[in-house]
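# structure for the following, please:
(one chain, ligands or ions: 1)
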Amino acid sequence: MIKAAITGWGGYVPNNQVNNHFLTTIVDTSDDWIKTRTGIKTRYISTGENTSQLALKAAAQALKQSNLEAADLDLIIVATVTPDSFTPATACLVQAELGASKAFAFDVTAGCSGFIYGLNIAASFIENGKVKNALVIGAEVLTKVTDWTDRNTCVLFGDGAGAVVLQPSYYKGILASYCGSAGDKEGLLTIPAVPVRNPFVSEQPAASVISMQGQKVFKFAVKAMRKSIDKVLEDGNCKFADIKYVIPHQANTRIIDFVARKMRVDKQKFYRNIESLGNTSAATIPLAFNEMLSQGLLNKGDKIIMVGFGGGLTWGAVLVEL
Ligand code: UT7
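Numbers count the residues shown, from 1 in each chain. Here you go, the predicted model:
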């Protein structure tokens, strides 16, 4: 059976690194609180680059790595909750800049699980033979929808993009995948878009910024990640011991610790880079994957699990043989 193999990868963050001390100058917080409650020490914040520009930089690296030309691409998916515009899709902006004229391109909105959803969609197109070369990007400029007066959320987020190229293979690739949603819990994590504003509506619209019930999302996250890991292990006929690394969504290092503890597995198998990048939503997983490859932590034949959760609520995982 044809599988979707990862053949290229890339990652990019803006060059403006912001430490916790800076945040203490704008909200009532401390370096100690942020470090001990989240694991975050720094994050990178855009000084003007929008989501498509970050996505483009990650995409160019992924293409180069896979030895493909932009013209070879059949599909471009950008997972984001912070697109440049409602239309055109950020994926279309990336397509135009790359010159990937043969591809069809669209965005996926699935909160911080967006990259996992994007991988699932692209893999399905490859597995059914309709697409050969797919580019999947997770890209966010979350800081443009951050409420900079809310200490509960503004200390958590950063900007960035990560990308992978997927191609058909008989030998390796995505062995199992899983996605879930719970729309009835939508209120736990929201970023409102444009409200109805017309001559028949008099209400003042709510600001388009992130709001979150942190503790409830925390509890959901632990359950959702565990369930997603178990599901892809079962569907992929693997044991946890067969997995070299889990690459979890980077929202809080304590969430990752809890998942490992509940599963009674070695927490060192869960890769983390939240300390330096913060939570970049749909970009955390491909950024971590790119970083791990550049550090030589992953080799051909390794099995890994990428697992995420986020607003929607949404969750999901993929089990990949590299
Ligand atoms: O990407 C997916 C979405 N995001 C997440 O998955 C995040 C999930 N949630 C979390 O990671 C955690 O719930 C947070 C990091 C958001 C919050 O940590 P917590 O340990 O759950 O703290 P809390 O909300 O229970 O707040 C504890 C205290 C409160 O003060 P009181 O009421 O005990 O006096 C908060 O007001 O900490 C206070 N607090 C802060 N203090 C200093 C909240 N934010 C801050 C802050 N600095 N930045």
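
# name the residue of the chain that lies nearest to the ligand.
Minimum separation of the chain from the ligand (Cβ to the nearest ligand atom) falls at Gly214, amounting to 2.8 Å. Just so you know, the C-beta spots here come from the backbone N, C-alpha and C atoms, and that holds for glycine as well.

# was I right about that residue contacting Asn152?
Yes. Here Gly214 reaches Asn152: they are 6.0 Å apart, a contact under Cβ atoms under 8 Å.

# returning to that earlier point: quick one: contacts for the residue of the chain closest to the ligand?
By Cβ atoms under 8 Å, 6 or more residues apart in numbering, Gly214 lies in contact with 152-153.

# so how far is Tyr271 from it?
Distance, Gly214 to Tyr271, using Cβ to Cβ, to the nearest Å: 23 Å.

# how about Asn252?
For Asn252, the distance to Tyr271 - Cβ to Cβ - is 15 Å.

# do Gly99 as well
Gly99 sits 33 Å away from Tyr271, taking Cβ to Cβ as the criterion.

# who's more crowded, these two?
Between Gly99 and Tyr271, counted using other Cβ atoms under 10 Å, Tyr271 has the larger neighbour count: 22 against 12.

# and the stretch 1-150 of the chain, which of its residues are near the ligand?
Contacts of the stretch 1-150 of the chain with the ligand, taken as Cβ under 6 Å from any ligand atom, map to 29, 33-34, 37-38, 112.

# ok, now the stretch 151-300 of the chain?
Close to the ligand, as judged by Cβ under 6 Å from any ligand atom, the stretch 151-300 of the chain has residues 151-152, 155, 189, 212, 214-215, 217-218, 221, 251-252, 279, 281.

# let's go with 8 Å and repeat that
Applying Cβ under 8 Å from any ligand atom, we find that the stretch 151-300 of the chain lies next to the ligand at 151-156, 189, 212, 214-215, 217-218, 221, 249, 251-252, 254-255, 279, 281, 284.

# filter those residues to the buried ones?
The neighbour-count test (16 or more other Cβ atoms under 10 Å) marks 151, 153-156, 189, 212, 214, 217, 221, 249, 251-252, 255, 279, 281, 284 as buried among these.

# in strands, which of those residues fall?
189, 212 (DSSP state E).

# in helices only, show me the buried ones among the residues of the stretch 151-300 of the chain next to the ligand.
Per DSSP state H, helices hold the following members of these: 151, 153-154, 214, 217, 221, 255, 284.

# and the residues you listed as CSV, adding pLDDT?
Below are these laid out as CSV (pLDDT from 0 to 100):
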residue, pLDDT
Arg151, 97
Thr153, 97
Cys154, 98
Gly214, 95
Val217, 97
Ala221, 97
Ile255, 98
Thr284, 98
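
# okay, the residues you listed in a markdown table with distance to Asn299 next?
A markdown table is the format used below for these (distance: Cβ to Cβ, whole Å):
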| residue | distance to Asn299 |
| --- | --- |
| Arg151 | 42 |
| Thr153 | 38 |
| Cys154 | 39 |
| Gly214 | 37 |
| Val217 | 34 |
| Ala221 | 29 |
| Ile255 | 27 |
| Thr284 | 22 |
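
# for Ala91, state which of the residues you listed is nearest.
The nearest member of these to Ala91, counting by Cβ to Cβ, is Thr284 at 19.0 Å.

# so who does the closest one touch?
Counting by Cβ under 8 Å, 6+ apart, Thr284 has contacts 112, 115, 138, 162, 249-251, 274, 277, 308.

# report the contact partners of the residue nearest the centre of the chain.
What sits nearest the mean C-alpha location of the chain, by Cα atoms, centre = their mean, is Ala282, with 2.3 Å. Ala282 is in contact with 79-81, 110-115, 118, 138-140, 310, counting by Cβ under 8 Å, 6+ apart.
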